[in-house]
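Enquirer: The sequence and its predicted three-dimensional model are supplied below.
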Amino acid sequence: MLDSDIRQAMAIFVEAYRDRFAAYHRHKEAMAYAGFAFYLASAGAALVSAFWPIRWSGLSPSADAVFSILLALLMWCAALWYLRWQLIRRRLAAVRVAGAEALLAKWLTKPPEDADRQPWRFQKKGDEVAAADRWWHFFWPPATPMPKPDVPDNDLPAALVAECRRQDYWNSTQALGHERGLYLVGYAALCLLVLRCVVNVR
């Protein structure tokens with residue numbers, strides 16, 4: 001049984017860890033929403049504008065449509081890159097916050113043991129290793145791999161890492177489902193831009 005000072009120090013560390021990633025989660029969420037709102041505003045402005053599809057001087061309506069579709073695709077790819085960067089880090093923070101909260105709740109009924117404060121020394125779960133970064137992860141929210149935190153798992157207490165990994169890695173506290181919703185809205189806006197280009201040619 002650990003003495004009370006060590007147990008208190010462990011609880012303070014886990015609370016600070018949770019608070020740090022909670023703040024990081026809020027920041028990444030705000031940045032993602034801001035970027036997504038900018039993309040939707042740009043797509044919406046193009047849809048209601050008389051200048052979409054863009055009329056390129058001296059080109060036929062078909063050529064105008066092709067160039068406009070390429071521009072719409074380029075805009076969405078830039079938005080995808082930005083969203084992926086922000087949202088996958090938000091998901092990392094969501095998992096860490098949930099793991100820290102689960103550990104603190106566990107310690108309310110079962111005080112920490114000496115093994116809980118030892119460094120993490122286990123390998124990653126098989127599904128984390130097997131799911132490499134696929135090419136299609138750029139176009140659809142990937143479940144893995146998530147970015148590594150500043151402090152490696154092997155430098156953290158085993159109990160904290162175990163609880164973080166015990167969270168639903170694939171759904172990540174429902175964050176993954178929320179990301180997919182944002183992507184679907186973005187793809188819908190892209191389809192509307194392309195559809196208007198096609199209708200304009202006809």
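Expert: Yep, that arrived.
Enquirer: least trustworthy helix or strand in this structure by mean pLDDT?
Expert: Of all helical and strand segments in the chain, the minimum by mean pLDDT, DSSP states H and E falls on helix 126-130, at a mean of 46.
Enquirer: Keeping just the C-alphas, turn the helix or strand just after that helix into PDB.
Expert: Once the chain leaves helix 126-130, the next helix or strand it forms, by DSSP states H and E, is helix 158-166. C-alpha atoms of helix 158-166 as PDB (Å, rounded to 0.1, in the frame of the first residue of the first chain):
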ATOM      1  CA  ALA A 158       1.400   2.500 -16.300                       C
ATOM      2  CA  ALA A 159      -2.100   3.000 -14.800                       C
ATOM      3  CA  LEU A 160      -2.700   6.200 -16.800                       C
ATOM      4  CA  VAL A 161      -1.600   4.700 -20.100                       C
ATOM      5  CA  ALA A 162      -3.600   1.600 -19.500                       C
ATOM      6  CA  GLU A 163      -6.800   3.600 -18.900                       C
ATOM      7  CA  CYS A 164      -6.200   5.800 -22.000                       C
ATOM      8  CA  ARG A 165      -5.800   2.600 -24.100                       C
ATOM      9  CA  ARG A 166      -8.800   1.100 -22.500                       C
END
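Enquirer: same for helix 158-166, what does it pack against?
Expert: Secondary-structure packing of helix 158-166 (3 or more CB pairs under 8 Å, 6 or more residues apart in numbering; DSSP states H and E): helix 61-109. All C-beta spots, glycine's among them, are computed from the backbone N, C-alpha and C.
Enquirer: same thing but 10 Å
Expert: The helices and strands touching helix 158-166, judged by 3 or more CB pairs under 10 Å, 6 or more residues apart in numbering; DSSP states H and E, are helix 4-48, helix 61-109.
Enquirer: Next, work out how far apart the residue located most distally from the centre of the chain and D64 are.
Expert: Distance from the C-alpha centroid of the chain, by CA atoms, centre = their mean, peaks at G58 (43.3 Å). G58 sits 10 Å away from D64, going by CB to CB, to the nearest Å.
Enquirer: now do A78
Expert: From A78 across to D64, the span is 21 Å (CB to CB).
Enquirer: neighbour count winner among those two?
Expert: D64 (19 against 12; other CB atoms under 10 Å).
Enquirer: Surely the more buried one touches C197?
Expert: Yes: between D64 and C197 there is a contact at 7.9 Å, judged by CB atoms under 10 Å.
Enquirer: list the residues that contact both of those two?
Expert: Common contacts of D64 and C197 (CB atoms under 10 Å, 6 or more residues apart in numbering): W52, P53, I54.
Enquirer: Spell out the secondary structure type for the second one.
Expert: In other words, P53. Under DSSP: H, G, I helix; E, B strand; the rest coil, P53 falls in the coil class.
Enquirer: what about the residue lying closest to it once chain neighbours are set aside, distance to C197?
Expert: Distances taken as CB to CB, 6 or more residues apart in numbering place S68 nearest to P53, at 3.5 Å, with adjacent residues excluded. Applying CB to CB, the value for S68 to C197 is 5 Å.
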